[in-house]
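K.L.:
sequence plus predicted model, see below.
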Amino acid sequence: METFYILKNKTIEPKDKDFKEFLPKQYSVEEFFDLYETLFYELSKFHHGVLKDRSIDYIGDPLNTREEELNALMTQWEDLDFKVRSIPKEHSIFKNMSVIQSRENDELLYYIQSNKLRKINNKAVIKKIKRKNGLSESFPNEKFFIKLTQSAIDLFEQSDLDINNESDLTDIRIADLNTPSEPPVEILGQD
């Protein structure tokens, strides 16, 4: 038997002060997911929820790519629809910027814009319409107006945007005048 003498004033100093055996093992990302995959069915729903919640806190909510794609398609459709509606439509016989007068009622005047009739409620705008057509304001209305029967006028598409003042002639976008169409059913995801 061996006897050790420990001196009272002298303590034993360990060579390694870190005691690595007591520290938790550091895993790499790959090792973590390998371990997670191995223990997946052994973990409780609570622990899966904790992992999910911590991940969401770290990176944010997962992206819904289908919803994002639908939003992008709707934005693209709205842009294209606006561009298409911004193209002025032409009548096959009567040119835009013409004024139609009813034969049955001389007071009913309409302005053709993008192949639609806009009712003129203020005759003072006729001067501006003449100028837009390259005519003088004194050009006779009888030569400028196109007289049609009410049944012929009714064949035109009517606009809800009446002309009440000069700004109604200029402060309108053709896209607003042309009736907006509905998005295709496929984009909305409806049957």
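P.N.:
Looks like it came in fine.

K.L.:
any idea how far apart the tips of stretch 113-133 sit?
P.N.:
The first and final residues of stretch 113-133 sit 13 Å from each other (Cα to Cα, to the nearest Å).

K.L.:
chain center to it: distance?
P.N.:
Relative to the mean C-alpha coordinate of its chain, stretch 113-133 is positioned 33 Å out (Cα atoms, centre = their mean, to the nearest Å).

K.L.:
mind listing what's buried in that stretch?
P.N.:
Residues 113, 114, 115, 116, 117, 118, 120, 125, 126, 128, 129, 130 are the ones in stretch 113-133 that count as buried (16 or more other Cβ atoms under 10 Å). C-betas here are computed from N, CA, C, even on glycine.

K.L.:
show me those residues that map onto helices.
P.N.:
Counted as lying in helices by DSSP state H, out of the buried residues of stretch 113-133, are 125, 126, 128, 129, 130.

K.L.:
contacts only, for the last one.
P.N.:
Same thing as residue 130. With contacts taken as Cβ atoms under 8 Å, 6 or more residues apart in numbering, residue 130 has the following neighbours: 136, 137, 139, 144.

K.L.:
could you tell me which of those are located in helices?
P.N.:
Among these, DSSP H puts residue 144 in helices.

K.L.:
ok, now which ones touch residue 110?
P.N.:
Contacts here follow Cβ under 8 Å, 6+ apart; on that basis residue 110 touches 99, 100, 101, 117, 118, 119, 120, 153, 156.

K.L.:
out of those, which is nearest to residue 35?
P.N.:
Sorting these by distance to residue 35 puts residue 118 at the head of the list, at 72.9 Å, by Cβ to Cβ.

K.L.:
nearest residue to the middle of this structure?
P.N.:
The C-alpha lying nearest the average C-alpha coordinate of the chain belongs to residue 75 (Cα atoms, centre = their mean; 3.4 Å).

K.L.:
and that one, what helix or strand is that in?
P.N.:
Here residue 75 is covered by helix 65-85, with elements defined by DSSP states H and E.

K.L.:
return the set of buried residues in that helix.
P.N.:
For helix 65-85, by 16+ other Cβ under 10 Å, it's 73, 81, 85.

K.L.:
mind putting those into TSV with pLDDT?
P.N.:
TSV is the format used below for the buried residues of helix 65-85 (pLDDT from 0 to 100):
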residue	pLDDT
73	92
81	88
85	86
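
K.L.:
could these be laid out in TSV, adding distance to residue 60?
P.N.:
Formatted as TSV, the entries for these read as follows, by distance: Cβ to Cβ, whole Å:
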residue	distance to residue 60
73	23
81	33
85	38
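
K.L.:
ok, now which ones touch residue 103?
P.N.:
Each residue near residue 103 by Cβ under 8 Å, 6+ apart is listed here: 147, 148, 149, 150.
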